[in-house]
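Undergrad: how would this look folded up:
(one chain, ligands or ions: 1)
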Amino acid sequence: MSDLPALEKSALEELRACSDEQALRAWNSKYLGDNGAIKLALKKIGSLPAAERPAYGQQVNRVKQTLDQAHQEQEGKVKQTELERALATETLDVTLPGRPVARGRLHVATQTMRQILAIFADMGFQVYRSREVEDDLTNFELLNMPPHHPARDMWDTFHTTTPGVLLRTHTSPGQIHVMRELCPEPIRVVLPGMCYRYEQITTRSEIMFQQVEGLAVGTSITMADLKGTITSFARRVFGAERTIRIRSSYFPFTEPSIEVDVDCILCQGSGCGLCKQTGWLEIMGAGMVHPVVLKNGGYDPDKFSGFAFGMGPQRITMLKYAMTDIRLFWGNDLRFLQQF
Ligand code: DAH
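TA: Numbers count the residues shown, from 1 in each chain. I've put the predicted structure just below:
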């Protein structure tokens, strides 16, 4: 039993010398820890003569309590000293500027989309939204492409596992939806939205991309209206000096069909890398709505006529900023996105 007072004395002396938390932790494991001196003393009880055990046990417990309490007190003292030191030496500079909160922004594709819709809104076109999952009937047949018609090859299609249900390859099926909803009223709408094509992803083609379709139906609409609308659009997007060029083309749902170019925004038509030395940039397909399509929409082609157009806003963005890789749009690279 004689070792206990000595243990108590040296422990308390060492404790008083502990001036920081690290020293306190070391002291604690030396005396009160799992392999500490107190645990060892408790283990020793079993090896003592039975008569000595109770007294020795009581003694150990008393020493343990003393050390516990002394440790707590010393810990309090150390913390207090540390606090006083910190208050005296560390100052809080309340004049430091705050950390800026990162602000979000609209994706460049959304910016262009909104600009396009705003321009058409100024010309009286309302926005009409239609579904991205379409049926074969609306995406192809009602647009004058019967099953097995070779013109369908122009649109590589994602088919779903449900026969006849597919992801729309263009916004043109929206023409059918809007005509059937509004017939026999006149129509002036733009149809924005995502389209899908089963294509190799390259710098020029993506499997998902946006289109903006336009449709005007009325009793006296002519090619001149189409030309005026497109010219005015091109000048608002690409600059007041732009001229447009119309080439004849083919789409099953328009007759006649055209493709529209603007004179190159970089070289003004003299030929450069952006326009591949042609002086012209292609911006959309368009035409006068085919009589079959008008009829499928519920309009009598002998009384009504209309024009339609379809364009890719991402292509327009690429032309505006001379971008060379369409994959940047959905690549989620902040270095690209933060430029706009
Ligand atoms: N739907 C066509 C495409 O995806 C684009 C198009 C061409 C739309 C002519 C039209 C149009 O409305 O008249 O390639």
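
Undergrad: quick one: residues contacting the residue in the stretch 51-200 of the chain that the ligand sits nearest to.
TA: Nearest residue of the stretch 51-200 of the chain to the ligand: residue 170, at 3.2 Å (CB to the nearest ligand atom). For the C-beta atoms, the positions are set from N, CA and C on the backbone; glycine is no exception. Taking CB atoms under 8 Å, 6 or more residues apart in numbering, we find residue 170 in contact with 139, 155, 195, 211, 213, 310.

Undergrad: can you check residue 17 too?
TA: residue 23.

Undergrad: this protein: strands as residue ranges?
TA: 126-127, 133-135, 165-167, 187-196, 208-218, 244-249, 254-263, 280-289, 305-311 (DSSP state E).

Undergrad: and these, which is most packed in?
TA: strand 305-311 (a mean of 23; mean count of other CB atoms under 10 Å).

Undergrad: who in the stretch 51-200 of the chain is up against the ligand?
TA: 170, 172 (CB under 6 Å from any ligand atom).

Undergrad: and for residue 248, nearest residue in space, chain neighbours not counted?
TA: Ranked by CB to CB, 6 or more residues apart in numbering and with sequence neighbours excluded, the top spatial neighbour of residue 248 is residue 258, at 6.0 Å.

Undergrad: please convert the strands of the chain to a markdown table, extending it with distance to residue 52 and mean pLDDT.
TA: Converted to a markdown table, the strands of the chain look like this (distance: least, CB to CB, whole Å; pLDDT from 0 to 100):
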| stretch | distance to residue 52 | mean pLDDT |
| --- | --- | --- |
| strand 126-127 | 96 | 98 |
| strand 133-135 | 88 | 98 |
| strand 165-167 | 89 | 98 |
| strand 187-196 | 88 | 98 |
| strand 208-218 | 86 | 97 |
| strand 244-249 | 110 | 95 |
| strand 254-263 | 106 | 95 |
| strand 280-289 | 103 | 95 |
| strand 305-311 | 100 | 98 |
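
Undergrad: can you put those in JSON lines and add distance to residue 113?
TA: Shown next, in JSON lines, are the strands of the chain (distance: least, CB to CB, whole Å):
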{"stretch": "strand 126-127", "distance to residue 113": "10"}
{"stretch": "strand 133-135", "distance to residue 113": "20"}
{"stretch": "strand 165-167", "distance to residue 113": "19"}
{"stretch": "strand 187-196", "distance to residue 113": "6"}
{"stretch": "strand 208-218", "distance to residue 113": "6"}
{"stretch": "strand 244-249", "distance to residue 113": "21"}
{"stretch": "strand 254-263", "distance to residue 113": "19"}
{"stretch": "strand 280-289", "distance to residue 113": "15"}
{"stretch": "strand 305-311", "distance to residue 113": "11"}
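
Undergrad: about what we covered before: tell me how far the residue of the stretch 51-200 of the chain closest to the ligand lies from residue 295.
TA: From residue 170 across to residue 295, the span is 20 Å (CB to CB, to the nearest Å).

Undergrad: could you do residue 317 as well?
TA: To residue 295, residue 317 is 36 Å away according to CB to CB.

Undergrad: pretty sure residue 306 is touching residue 287, no?
TA: No - using CB atoms under 8 Å as the test, residue 306 is too far from residue 287 to be in contact (9.9 Å).

Undergrad: sweet, I'm off.
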